[in-house]
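Visitor: Can you look at this prediction? I've put the sequence above it.
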Amino acid sequence: MSVAKGGGGGGGREGGRSLKVKVSSKHGRRTQSSKLWLERQLNDPYVAQAKRDGWRSRAAFKLLEIDERYKLLKPGQKIVDLGAAPGGWSQVAAKIVGSRGRVIGIDLLDIETIAGVEFKVMDFNDASAPEWLKETLGGKADGVMSDMAANTTGHRKTDHLKIIALAELAVEFAREVLAPGGFFISKVFQGGSEGEVLASLKRDFTTVRHVKPKASRAGSPELYVLATGFRGPGEE
Ligand SMILES: C[S@@+](CC[C@H](N)C(=O)[O-])C[C@H]1O[C@@H](n2cnc3c(N)ncnc32)[C@H](O)[C@@H]1O
C-alpha cells in the first residue's frame, strides 16, 4: 500500500528547484533564533514535501519511513498517538489502519479534525489522560506511539531528562494497554539515559532497537526507541 500522500492536498511549488532562502532580520523584530528556525523551515525539503502531499507535519515522514522498514501499522489496528499535534503521525496511522481500525490521540495543543482520529486536548502527565485513553479504547491497543516532546529549555541535560520522563510514562501506559504482539515507539534524546528506557523494554518485548529515521534532522539528538512483539502483561 502506498501512503506517500496525506490526502489533504496542499499547494507548494512544483518542480523541485531548490533556492536557498535567507531571512532578513531587517523585517520585523525577529530574534536570531526565530530567524534561524524560519530559515531552516523554508529550506527544509521535508517541510515543502509535507505541504505538497497534505501531511500536517514533516514528522509524518519519520513515521512513514519507520513503518516502511518495520511494517508496524496494518489495517484494522487500534493505535494510540501521544503528543499528536499537529497531526502528521495520526494522519499516517488513520490512513493505514483504515475504517476498520481506530486512532486515538492526545496533545497539550488542539488539532484540526482528522477523519478517523478521535482526539482530545490533554496533558499526558495528568492521571485523567491515561484513564480517558483506556476508556476510549475500550480494550487493548495494537500500538502505542509517542512523539511527545516537552518544550526545550536549551539546557541539553534538562531537556533530555524531561523527554525521558515522558517516555517512561508512555512505556508504563503501553504495558497496561498493549495486546500481545503489539508495538511501542517513543521519541527519546541521545544523552545518557535513553539506554535505560531501552533496557526496561527488553523484558516485555521480543525486539527493542533505537531508530534514527532520515527525516530526523542529522544534527538533532532526537532518536526513537522501537519495541515490537509485546509479550503480554507480566506477573507482578
Ligand atoms: C514533535 S510534536 C509531535 C508531532 C506529531 N507526531 C506529528 O506528526 O504531527 C510533539 C508534541 O508533543 C506534545 N506534548 C509535549 N508534552 C506533552 C504532554 N505532557 N502531554 C501531551 N502532549 C505533549 C507537544 O504539545 C507537541 O505537540
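Guide: Received it, and whenever you're ready, just let me know what you need. Numbering: from 1, shown residues only.
Visitor: what stretches of this structure score poorly on pLDDT?
Guide: 1-30, 192-193, 234-236 (pLDDT under 70).
Visitor: now for stretch 102-111, what's the gap between its first and last residues?
Guide: The first residue of stretch 102-111 is 17 Å away from its last residue (CA to CA, to the nearest Å).
Visitor: buried stuff in the longest strand along the chain?
Guide: Selection of the longest strand in the chain by residue count, based on DSSP state E, yields strand 178-189. Residues 178, 182, 183, 184, 185, 186, 187, 188, 189 are the ones in strand 178-189 that count as buried (16 or more other CB atoms under 10 Å). To be clear about C-beta, it is placed using only N, CA and C from the backbone, and glycine gets the same treatment.
Visitor: ok, it: who's next to it in the sheet?
Guide: strand 141-146 (parallel), strand 222-230 (antiparallel) (DSSP bridges).
Visitor: Of all the ones you listed, which one is nearest the ligand?
Guide: Shortest distance between the ligand and these, using CB to the nearest ligand atom, is found for strand 141-146: 7.7 Å.
Visitor: ok, residues contacting the closest one?
Guide: 63, 72-74, 77-83, 89, 93, 166-167, 170, 173-174, 177-179, 181-187 (CB atoms under 8 Å, 6 or more residues apart in numbering).
Visitor: anything in that strand sitting right up against the ligand?
Guide: No. Counting by CB under 6 Å from any ligand atom, the ligand is not contacted by strand 141-146; separation bottoms out at 7.7 Å.
Visitor: Is stretch 32-51 in proximity to the ligand?
Guide: No. Applying CB under 6 Å from any ligand atom, one finds stretch 32-51 out of contact with the ligand, separated by at least 9.4 Å.
Visitor: Quick one: end-to-end distance for that stretch.
Guide: So stretch 32-51: terminal residues 25 Å apart, CA to CA.
Visitor: Many thanks, we can stop here.
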